[in-house]
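Asks: below: sequence and its predicted model.
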Amino acid sequence: MTEPTVPNADASVAGGGTPVPSPAAPPPAPTSGPRWGDVLATYGTALGGIAVFLVFALTADNFLNLANQFTILRQVSFLVVFSIGFTFALTAAELDLSFAAVASLAGVVCGGIVHHGYPWPLGVAAALAIGGVFGLANGLFVTRAKIPSLIATLATASIASGCAFALTEGVAWVGRWDKSFLWLGRGQIGGVPVLVVWMVVVAAVALFLVRQTRFGVWLTATGQADEAARLAGIPIRAMKVWGLTLCGLCAGLGAALLTASLSSAGPGSAGEFLMKGIAAVLLGMTMFEPGRANVPGTVVGALVIGVLANGLVLVGAAYYVQEIVLGVIILASVALSASTLTKAAFTV
């Protein structure tokens with residue numbers, strides 16, 4: 001006698017049996033919260049900055065002093081303004097290596113106007129105009145003359161530096177300055193240094209432009225995939241020009257604030273901000289929006305660099321240690337963000 005057979009689950013009804021349903025697949029395992037790898041990729045650099053702050057708080061005398069904290073913020077304010085300009089350029093996938101030299105020239109012109117007794121608003125307007133003109137020129141060189149931004153901005157940096165030295169004959173403008181002009185860089189609002197207010201305002205405006213406006217959407221799309229943006233009807237050449245022009249305008253504004261703070265203007269007064277500005281932006285690309293230039297990351301990157309510089313001074317580190325640390329930051333930040341960069345303009 002043969003054993004009765006159990007109909008196969010895949011057998012059809014026409015085959016003489018009722019199909020046996022296959023067992024249901026097990027439900028997906030519930031997620032156990034955020035993946036720590038993603039958290040570290042997004043916020044790891046910011047957490048590292050907090051760790052650096054805590055280390056100096058424990059090891060450096062007077063680091064937590066309120067006056068020292070305001071000193072850090074004042075010093076960082078210039079870096080934030082310059083770095084946000086560089087962020088605009090890099091968002092459009094272009095480099096601007098001229099912003100520090102342009103800022104030095106703008107500061108010389110602004111300082112010369114105020115130093116010779118002309119109204120200080122004229123000096124500030126001149127600084128903004130110089131920054132805007134150089135930024136616009138960079139944009140036209142890149143989009144019309146098809147010169148890579150790395151080469152174009154190196155050339156305009158040399159031109160700006162030469163003009164600054166020609167105007168001053170290599171010396172700085174010093175002397176009496178209009179008190180209302182000096183307030184722009186030394187004043188306070190409710191006990192808060194006015195430079196900190198400038199920093200917050202510039203960062204807020206930049207964040208609004210990039211995140212909340214069509215201009216910001218177009219600028220970001222141009223930097224991520226310019227050909228796709230062009231096919232979508234976005235004027236990519238205009239966006240690149242705007243990115244570089246905004247970088248120049250930020251250089252002009254930063255120059256005016258720096259001149260008011262120092263009460264002097266020399267042909268190389270903003271030179272130190274070139275590498276620091278690039279480092280702040282690249283460091284910012286490792287957090288919040290990894291691989292992309294972003295305003296919050298740039299601000300935090302500038303703060304990390306400011307805390308490092310201040311803390312190293314307080315613990316008695318030699319001046320060249322800051323340069324070494326800055327170089328390490330640039331290398332590390334590029335290495336961390338390179339795997340997710342959609343269009344790395346600095347590899348041109």
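Replies: Structure's in. What do you need?

Asks: wait, doesn't A60 sit right on G311?
Replies: Yes. The criterion here is Cβ atoms under 8 Å, and A60 meets it with G311 at 5.3 Å. To be clear about C-beta, it is placed using only N, CA and C from the backbone, and glycine gets the same treatment.

Asks: so if I had to pick from those two, which one is more boxed in?
Replies: With neighbours defined as other Cβ atoms under 10 Å, A60 and G311 compare such that G311 has more, 20 against 17.

Asks: list the contacts of that one.
Replies: Going by Cβ atoms under 8 Å, 6 or more residues apart in numbering, G311 touches 52, 55-56, 59-60, 63.

Asks: would you mark the buried spots in the one helix or strand it maps to?
Replies: Under the criterion of DSSP states H and E, G311 resides in helix 295-314. For helix 295-314, burial by neighbour count (16 or more other Cβ atoms under 10 Å) applies to 295-312, 314.

Asks: for the stretch 151-300 of the chain, which spans come out with low pLDDT?
Replies: Nowhere does the stretch 151-300 of the chain drop to pLDDT under 70.

Asks: any chance you could map the strands in it?
Replies: Counting by DSSP state E, counting those that start in this stretch, the stretch 151-300 of the chain has strands at residues 188-189, 192-193.

Asks: return the most buried member of these.
Replies: Stretch with highest mean neighbour count among the strands of the stretch 151-300 of the chain: strand 192-193 (a mean of 16; mean count of other Cβ atoms under 10 Å).

Asks: what is that one packed up against?
Replies: Using 3 or more Cβ pairs under 8 Å, 6 or more residues apart in numbering; DSSP states H and E, the elements in contact with strand 192-193 are helix 66-91.

Asks: dump the residue contacts of the closest residue to D226 other than its chain neighbours.
Replies: Of all residues not flanking D226 in the chain, I236 sits nearest, at 4.9 Å (Cβ to Cβ, 6 or more residues apart in numbering). For I236, the residues meeting the contact criterion (Cβ under 8 Å, 6+ apart) are 222, 226, 229-230.

Asks: dump the residues you listed into CSV; add neighbour count and distance to L136 as well.
Replies: Listed next are the contacts of I236 as CSV, based on neighbours: other Cβ atoms under 10 Å; distance: Cβ to Cβ, whole Å:
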residue, neighbour count, distance to L136
T222, 26, 17
D226, 18, 19
A229, 20, 21
R230, 14, 21
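
Asks: ok, these vs H116, which is closest?
Replies: The nearest member of these to H116, counting by Cβ to Cβ, is T222 at 41.8 Å.

Asks: surely the closest one and A229 touch.
Replies: Yes. The criterion here is Cβ under 8 Å, and T222 meets it with A229 at 5.0 Å.

Asks: residues that sit against both of those two, list them.
Replies: Taking Cβ under 8 Å, 6+ apart as the contact rule, T222 and A229 both touch 236, 239.

Asks: what about L64, distance to Q75?
Replies: For L64, the distance to Q75 (Cβ to Cβ, to the nearest Å) stands at 16 Å.

Asks: among these two, which residue is more densely surrounded?
Replies: More crowded of L64 and Q75, by other Cβ under 10 Å: Q75, with 16 against 12.

Asks: any residues in contact with both of A60 and G311?
Replies: Common neighbours of A60 and G311, counting by Cβ under 8 Å, 6+ apart, are absent.

Asks: just the helices in this structure please.
Replies: For the chain, helices defined by DSSP state H occupy the ranges 36-59, 66-91, 99-115, 120-143, 149-168, 179-186, 194-212, 214-224, 226-231, 236-262, 273-284, 295-314, 319-337.

Asks: from those helices, which stretch is densest packed?
Replies: Most buried of the helices of the chain by mean neighbour count (mean count of other Cβ under 10 Å) is helix 99-115; its value is a mean of 29.

Asks: just want the angle from it to helix 149-168.
Replies: With axes from the mean of the first three to the mean of the last three Cα atoms, to 10 degrees applied, the angle from helix 99-115 to helix 149-168 works out at 20 degrees.

Asks: give me the helices and strands touching helix 99-115, please.
Replies: Contacts defined by 3+ Cβ pairs under 8 Å, 6+ apart place helix 99-115 against helix 66-91, helix 120-143, helix 149-168, helix 236-262, helix 273-284.

Asks: try 6 Å this time
Replies: Contacts defined by 3 or more Cβ pairs under 6 Å, 6 or more residues apart in numbering; DSSP states H and E place helix 99-115 against helix 120-143, helix 149-168, helix 236-262.

Asks: what's the closest of these to V194?
Replies: helix 236-262 (8.9 Å).

Asks: how far off helix 214-224 does the closest one point, in degrees?
Replies: Calculated by the same axes, to 10 degrees, helix 236-262 forms an angle of 110 degrees with helix 214-224.

Asks: what angle separates helix 236-262 from helix 194-212?
Replies: With the same axes, to 10 degrees applied, the angle from helix 236-262 to helix 194-212 works out at 170 degrees.

Asks: show me how far helix 236-262 is from its chain's centre.
Replies: On the basis of Cα atoms, centre = their mean, to the nearest Å, helix 236-262 sits 12 Å off its chain's mean C-alpha point.

Asks: now stretch 264-278
Replies: 16 Å.
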